[in-house]
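# generate coordinates for the sequence data below:
(one chain, ligands or ions: 1)
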Amino acid sequence: MSPKITKTDEEWRAELSPQEFHVLRESGTERAYTGEYWDSHEEGVYACRACGAELFTSREKFDSHCGWPSFFAPLAGESVRYLEDVTMGMKRIEVRCATCDSHLGHVFEGEGYPTPTDQRYCINSVSLTLRPKALDS
Ligand SMILES: [Zn+2]
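Sure thing, here's the model as predicted:
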């Protein structure tokens, strides 16, 4: 499936801050414990900072203490896509926004977190925008 939003690097650069561009478009990683959402408990929906697609909610967010916002599931299966990432000498699964193909973070599995899925979507704060709102429980 190809992304629904495609822009050139120049277009992205004009819209994003240098750090946002680096993480979202060059698969960068913000430093642990520096992002604005790793310790956020505010209720709401986390949208892609590049295109605004809704990706995660506070309902699936959990305290992983890893220094990045962590979710045990995406808002919907089709909102993200997965790529095998073998950089850094590790085999990891990269998570990207399915709408604009921007880098979000990685997903790890089987780490023993007490969550329904035992998955940890380890996402850069800079890839997300929190839209505060009350969620139906
Ligand atoms: Zn996006």
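# how close does the residue found closest to Glu109 once you drop the neighbours it is linked to in the chain sit to the ion?
Distances taken as Cβ to Cβ, 6 or more residues apart in numbering put Gln119 closest to Glu109, at 5.1 Å, once the chain neighbours are dropped. C-beta here means a position set from N, CA and C on the backbone, and glycine is covered the same way. According to Cβ to the ion, to the nearest Å, Gln119 and the ion sit 20 Å apart.
# what's the answer for Gly67, then?
23 Å.
# same question, Ala134
24 Å.
# do the same with Cys51
Taking Cβ to the ion, one finds Cys51 at 3 Å from the ion.
# doesn't that residue fall inside a strand?
No - applying DSSP: H, G, I helix; E, B strand; the rest coil, one finds Cys51 to be coil, outside a strand.
# what's the closest non-adjacent residue to it?
Per Cβ to Cβ, 6+ apart, closest to Cys51 is Cys100, 3.8 Å.
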